[in-house]
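> what follows is a protein structure lacking sequence information:
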């Protein structure tokens, strides 16, 4: 009998057990959301459960990374923004369904995948921003108004191919059909004051500088600009308009989460996902980025409430994701970004 083999085997066995025990107290998150947005949540989760959260942050490429890692991927949960990016992970085959009564109770049906592959965490609206000096209150009230010839040469947007605008175009297709949505997009293009460029905040800056009178941008950017000394004047030059309040409501998008297929710490991953859908996490997560909770009954931050309340479009986000390819083609067909 080789005593060295026995000792070695015992040590390796103990190491394996120790590693298994350690992993049982961990969960690995791949996040496209910035650290300051999610770290307070993870700290609270660890304090409550004792489960350590390991995070990899990136601005892009995480789905590709998970695919390359394959069965050896340490990823348990993917956190990202925009329904199109969430659906990208599902379409890539790297997610799996979560059977959780907690998630189904906390998150409304139109804000989660019908097959339980993704769940919304926060909401943001696609708002209109109108010059206080050059646009009377109530003069523009709907997305459809953006195509009215009265706004010719007065509208600024970021590129139509950007995910945020693709989602809006998808919603227009869902509500009006492809033909009418294309006519709307052509009308919007005809009203542009300049070639689509920049980011959401850049459109509000253009209003301040007199390049245009109306722009499209996500709601949370209003708060970000007001809290930035260099950008506060941009926000103060506009009224934030919640569109289609007499009809379907403002088009919404989300940040969300998915469970990764073959997650090595699946139990802890589901535990984290359920925690993030709860009252405490919802309030913290929404407040830190000027967003809106997805769980009904969780109070908005006072700052966000000060901008006013609104009716939200309850079109299932799965429908927006389904129409993404059609919207991308439509943007190309009308030459929106040219």
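Thanks, I have the structure now. Quick caveat, the model's predicted, so the values are computed rather than measured.

> averaged pLDDT, the lengthiest strand in the chain. What do you get?
Identified as the longest strand of the chain according to DSSP state E is strand 118-131. Taken as a whole, strand 118-131 has a mean pLDDT of 97.

> also stretch 203-219?
Mean predicted confidence for stretch 203-219 is 98.

> kindly check the end-to-end length of it for me.
13 Å (C-alpha to C-alpha, to the nearest Å).

> how far out from the middle of the chain is that stretch?
22 Å (C-alpha atoms, centre = their mean, to the nearest Å).

> and it, what's buried?
Using 16 or more other C-beta atoms under 10 Å as the test for burial, stretch 203-219 gives 203-208, 212-219. All C-beta atoms are positioned from the backbone trio N, CA, C, and that covers glycine.

> rewinding a little: which SSE is immediately downstream of the longest strand of the chain?
For strand 118-131, the following helix or strand on the C-terminal side (DSSP states H and E) is strand 155-156.

> report the angle between the very next helix or strand once past that following strand and strand 118-131.
As assigned by DSSP H and E, the chain's next helix or strand after strand 155-156 is helix 163-176. Angle, helix 163-176 to strand 118-131, by axes from the mean of the first three to the mean of the last three C-alpha atoms, to 10 degrees: 90 degrees.

> hmm, who's touching the helix or strand that helix 163-176 is followed by?
Using DSSP H and E, the helix or strand that directly follows helix 163-176 along the chain is helix 178-190. By C-beta atoms under 8 Å, 6 or more residues apart in numbering, the surrounding residues in contact with helix 178-190 are 143-144, 146-149, 152, 155, 157, 160, 169, 172-173, 175-176, 326, 330-331, 333-336.

> redo the buried residues of stretch 203-219 as a markdown table? Include distance to residue 116 and secondary structure.
Shown next, in a markdown table, are the buried residues of stretch 203-219 (distance: C-beta to C-beta, whole Å; DSSP: H, G, I helix; E, B strand; the rest coil):
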| residue | distance to residue 116 | secondary structure |
| --- | --- | --- |
| 203 | 36 | helix |
| 204 | 37 | helix |
| 205 | 41 | helix |
| 206 | 41 | helix |
| 207 | 41 | helix |
| 208 | 44 | helix |
| 212 | 42 | coil |
| 213 | 44 | coil |
| 214 | 39 | strand |
| 215 | 36 | strand |
| 216 | 32 | strand |
| 217 | 32 | strand |
| 218 | 26 | strand |
| 219 | 27 | coil |
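
> how many neighbours does residue 133 have?
11 (other C-beta atoms under 10 Å).

> quick one on the thing from earlier: give me the buried entries from the contacts of helix 178-190.
Applying 16+ other C-beta under 10 Å to those flags 143-144, 146-147, 155, 157, 160, 169, 172-173, 175, 326, 330-331, 334, 336 as buried.

> can you give me the buried ones in stretch 153-172?
Neighbour counts using 16+ other C-beta under 10 Å place 154-160, 162-172 of stretch 153-172 among the buried residues.

> just to revisit the earlier point, which of the buried ones among the contacts of helix 178-190 sit farthest apart?
155 and 326 (22.8 Å; C-beta to C-beta).

> mind listing the strands for this structure?
Counting by DSSP E, the chain has these strands, from start to end: 26-31, 52-57, 77-81, 95-96, 118-131, 155-156, 214-218, 238-241, 252-260, 292-293.

> among these, single out whichever gets nearest to residue 322.
strand 118-131 (13.1 Å).

> next, the angle strand 77-81 makes with that closest one.
Counting by the same axes, to 10 degrees, strand 118-131 points 20 degrees away from the direction of strand 77-81.

> please compute how far strand 118-131 lies from its chain's middle.
The chain centre lies 8 Å from the centre of strand 118-131; the measure is C-alpha atoms, centre = their mean.

> and stretch 236-250, by the same measure?
Distance of stretch 236-250 from the chain centroid (C-alpha atoms, centre = their mean) equals 19 Å.

> return the set of buried residues in that stretch.
Buried residues in stretch 236-250 (16+ other C-beta under 10 Å): 237-244, 248-250.

> could you dump those to CSV with distance to residue 84?
CSV is the format used below for the buried residues of stretch 236-250 (distance: C-beta to C-beta, whole Å):
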residue, distance to residue 84
237, 30
238, 27
239, 28
240, 24
241, 24
242, 22
243, 20
244, 21
248, 20
249, 20
250, 18
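
> how long is stretch 54-69 end to end?
17 Å.

> can you list contacts of it?
26-35, 38-39, 42, 73-75, 78, 80, 88-89, 92-94, 260.
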